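J.: return a 3D structure for these sequence lines:
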Amino acid sequence: MGSFSIWHWLIVLVVVLLIFGTKKLKNIGSDLGGAVKGFKDAMKEEQNKPTELPRQGETGGTTIDVEVKDKQQG
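T.: Below is the predicted model of the structure:
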């Protein structure tokens, strides 16, 4: 039960072609290619987006300065 030979893969390919047909496989391939292209474009947009620092009210309450002062006093 080693790896499959080229003949095994050719038989699998023929069976897939008989089940789905070439037209349907072509549509699946183009849909998959479009999805990958859209994903890559979204990743590029995310990398080019500037990062924003949180505003003072959005930090969750205490700031780092207050924590440092508390540690130095305690």
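J.: so where's the chain shaky on pLDDT?
T.: Applying pLDDT under 70 to the chain flags the ranges 1-2, 51-74.
J.: longest helix of this protein, counting residues only.
T.: helix 22-48 (DSSP state H).
J.: that one packs against which elements?
T.: The contact analysis (3 or more C-beta pairs under 8 Å, 6 or more residues apart in numbering; DSSP states H and E) places helix 22-48 against helix 6-20. In this view, the C-beta of every residue, glycine as well, is placed from N, C-alpha and C.
J.: what's the angle from the helix it packs on to helix 22-48?
T.: Helix 6-20 and helix 22-48 are oriented at 100 degrees to each other (axes from the mean of the first three to the mean of the last three C-alpha atoms, to 10 degrees).
J.: tell me the helices and strands packed up against helix 6-20.
T.: The elements that helix 6-20 packs onto, with contact taken as 3+ C-beta pairs under 8 Å, 6+ apart, are helix 22-48.
J.: and the helix it packs on, what's buried?
T.: By neighbour count on 16 or more other C-beta atoms under 10 Å, the buried set for helix 22-48 is empty.
J.: could you measure from Asp31 over to Phe4?
T.: Distance, Asp31 to Phe4, by C-beta to C-beta, to the nearest Å: 27 Å.
J.: same check, this time on Gly34
T.: Distance of Gly34 to Phe4, given as C-beta to C-beta: 30 Å.
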